[in-house]
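Undergrad: Whatever this is, show me its structure:
(one chain, ligands or ions: 1)
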Amino acid sequence: MCRTGSGRDPRAMTTHPVIEVSGLRKSYGGRAVVDGVTFAVEEGEIFGILGPNGAGKTTTVECVEGLRTPDEGRVRVAGLDPVADHEQVSRVLGAQLQQSELQAKITVREALELYASFYPHPADWRPLAERLDITGQLTARFGKLSGGRKQRLFIALALIGNPRVVVLDELTTGLDPRARRDTWRLIEDVRGNGVTVLLVTHFMEEAQRLCDRIAVIDKGRIAALDTPAGLIRRASGSTVISFTPSAPLDEDELQALPALASVAHKDGRITLAGTDETVNAVISLLARQHITAHQLRVTDATLDDAFLDLTEASA
Ligand SMILES: Nc1ncnc2c1ncn2[C@@H]1O[C@H](COP(=O)(O)OP(=O)(O)OP(=O)(O)O)[C@@H](O)[C@H]1O
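TA: As a prediction, this is how the structure comes out:
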C-alpha cells in the first residue's frame with residue numbers, strides 16, 4: 001500500500017540512520033524534561049519509544065517532527081533539520097495528528113482528499129481507508145466519529161503522503177483488541193514497503209510485537225536501548241519462576257541462587273527472575289529441603305518485567 005508505486009526504489013535504500021537525535025535537551029520553566037537523549041533509527045526500522053507518563057517521549061518525538069525547537073542537541077530526519085527545513089521534512093515525515101487539528105465538521109472523505117492534496121505523490125486513499133476499515137464512514141463528520149474511528153483516520157492521514165518516516169504517538173490507544181491487531185498488521189505492511197516507523201507506545205505487547213529496537217526513556221533520559229529480546233535479557237533475566245512453598249525458604253539460600261536477577265515475596269508466594277540455571281537450582285533446593293512448590297509456574301520474562309525493572313532501577 002504505502003509507497004507502492006510511489007517511485008522510491010527499494011534497492012536505493014541505504015542502511016544509514018534516517019533519524020538521528022544527539023544530545024537532545026529540552027526544558028520547560030527551567031525543568032529539564034528531555035535531558036541528553038541520543039539515538040539513531042535505521043531506514044526501514046520500527047523503533048519504539050517506551051517510558052512512564054511524563055518521561056519526555058512526546059517532547060522527544062515533537063522535536064523530531066519539528067514541532068518543538070530543542071534547547072540543545074542535534075536532530076536530523078533524512079539529513080534535514082526538522083525546524084530549519086520544516087517544509088522539506090514535512091514531505092518525508094508523516095505524523096499522527098492531534099484531535100484539535102481537524103475541524104469537527106469535515107467528513108472523513110474530505111479529510112482524506114484534503115490531506116492527499118498537500119503532497120506531491122500521495123498514496124491512493126481508497127485502499128488505505130479500506131485497510132483501516134473506515135470506508136463505511138466516508139460521509140461521516142469527524143466530530144461524530146467514535147474514538148477508535150478517529151484514531152484510524154489519523155493513521156490514514158499520517159500515511160497519505162507516502163512518507164519515508166512515520167511518527168505514531170499512542171498509535172492504538174482507544175482501539176479495541178481486534179482493531180489493535182489490524183493496526184499492527186497495517187504497520188508491519190507499511191514497514192514492509194520500506195517506511196521507517198517511530199512509535200511511541202504504552203503497550204508492552206505492541207512494542208514487543210512490532211519494534212525492532214526500543215529506547216526506554218525515563219525522566220528525560222534513555223534508561224536502555226536494545227531489541228525487545230535484549231531488553232528482557234538484560235533487565236530481569238530471561239525466565240521467571242513463581243511458586244508457593246509448603247514451608248519457609250531460607251532467604252540467604254534464595255539470594256545465593258545462580259544467575260538470579262530478582263526475588264519478590266507476595267502473599268506467601270515467591271517469584272524469582274533469572275535464567276534456566278536459576279530454575280534448576282531452585283528446584284534442587286526445594287527437593288533437598290523436602291519442600292513442595294504449590295502452583296509452580298515457569299514463564300519467559302516479558303517486556304513488562306523488563307520495563308518495570310528498567311524504570312524502577314533509575315527511580
Ligand atoms: N508545553 C509544555 N509546558 C510545560 N511543561 C510541559 C509542556 N509539554 C510537556 N510538559 C511537561 O514535560 C514533561 C514531559 O512531557 P511529555 O509529554 O514529553 O511526556 P510523555 O513521556 O510523552 O508522557 P505521557 O506518556 O504522559 O504522554 C511532563 O512533565 C509534561 O507535563
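Undergrad: residues in contact with Ile270?
TA: Neighbouring residues of Ile270 by C-beta atoms under 8 Å, 6 or more residues apart in numbering: Ser242, Phe243, Thr244, Pro245, Leu249, Leu254, Val263, Ala264. For the C-beta atoms, the positions are set from N, CA and C on the backbone; glycine is no exception.
Undergrad: Please convert those to TSV, extending it with neighbour count, distance to the ligand and secondary structure.
TA: Putting these into TSV (neighbours: other C-beta atoms under 10 Å; distance: C-beta to the nearest ligand atom, whole Å; DSSP: H, G, I helix; E, B strand; the rest coil) gives the following:
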residue	neighbour count	distance to the ligand	secondary structure
Ser242	17	29	strand
Phe243	21	35	strand
Thr244	13	36	strand
Pro245	17	39	strand
Leu249	19	39	coil
Leu254	17	35	helix
Val263	16	30	strand
Ala264	11	26	strand
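Undergrad: In this structure, what residue spans correspond to strands?
TA: Using DSSP state E, the strands found in the chain span residues 17-28, 31-42, 46-50, 72-77, 93-95, 165-169, 196-200, 213-218, 221-226, 239-245, 262-266, 269-274, 293-300.
Undergrad: Reformat those into a markdown table and put mean pLDDT next to each item.
TA: Converted to a markdown table, the strands of the chain look like this (pLDDT from 0 to 100):
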| stretch | mean pLDDT |
| --- | --- |
| strand 17-28 | 96 |
| strand 31-42 | 96 |
| strand 46-50 | 96 |
| strand 72-77 | 97 |
| strand 93-95 | 91 |
| strand 165-169 | 92 |
| strand 196-200 | 95 |
| strand 213-218 | 94 |
| strand 221-226 | 93 |
| strand 239-245 | 92 |
| strand 262-266 | 90 |
| strand 269-274 | 91 |
| strand 293-300 | 92 |
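Undergrad: Quick one, grab the pLDDT at the residue lying closest to Leu97 once chain neighbours are set aside.
TA: Nearest residue to Leu97 in three dimensions, chain neighbours excluded: Phe154, at 5.2 Å (C-beta to C-beta, 6 or more residues apart in numbering). If you check Phe154, the pLDDT there is 90.
Undergrad: what's the answer for the one 5 residues further on, then?
TA: On pLDDT, Leu159 comes in at 90.
Undergrad: Looks like it contacts Trp125 (just checking).
TA: No: using C-beta atoms under 8 Å, Leu159 is not in contact with Trp125, being 9.3 Å away.
Undergrad: So for the two, which residue has more residues nearby?
TA: Using other C-beta atoms under 10 Å as the criterion, Leu159 and Trp125 rank with Leu159 on top: 28 against 22.
Undergrad: can you pull the contacts of the residue most central in space within the chain?
TA: Ranked by distance to the mean C-alpha position of the chain (C-alpha atoms, centre = their mean), the top residue is Gly48 at 3.3 Å. With contact set as C-beta under 8 Å, 6+ apart, Gly48 has these partners: Leu199, Val200, Thr201, Ala207, Leu210, Cys211, Arg213, Ile214, Ala215.
Undergrad: before we move on, the earlier item: out of the contacts of Ile270, who's nearest Ile291?
TA: Among the contacts of Ile270, Pro245 lies closest to Ile291 (C-beta to C-beta), at 5.1 Å.
Undergrad: Quick check: closest non-adjacent residue to Phe118.
TA: Closest to Phe118 by C-beta to C-beta, 6+ apart is Gly161, at 6.7 Å.
Undergrad: Tell me who's in contact with Val165.
TA: By C-beta under 8 Å, 6+ apart, the residues touching Val165 are Val18, Ile19, Val41, Val77, Ala78, Val92, Leu93, Gly94, Val195, Thr196, Val197, Leu198.
Undergrad: one more time with 7 Å
TA: Residues near Val165 by C-beta atoms under 7 Å, 6 or more residues apart in numbering: Val18, Ile19, Val77, Val92, Leu93, Thr196, Leu198.
Undergrad: go on, Ile291?
TA: Each residue near Ile291 by C-beta under 7 Å, 6+ apart is listed here: Pro245, Ser246, Ala247, Leu249.
Undergrad: if you set the cut-off to 10 Å instead, what comes out?
TA: Ile291 makes contact with Phe243, Pro245, Ser246, Ala247, Pro248, Leu249, Leu285, according to C-beta atoms under 10 Å, 6 or more residues apart in numbering.
Undergrad: cool, and Asp169?
TA: Contacts for Asp169 (C-beta under 10 Å, 6+ apart) come out as 49, 57-58, 61-62, 65, 95-96, 98, 154, 158, 198-201.
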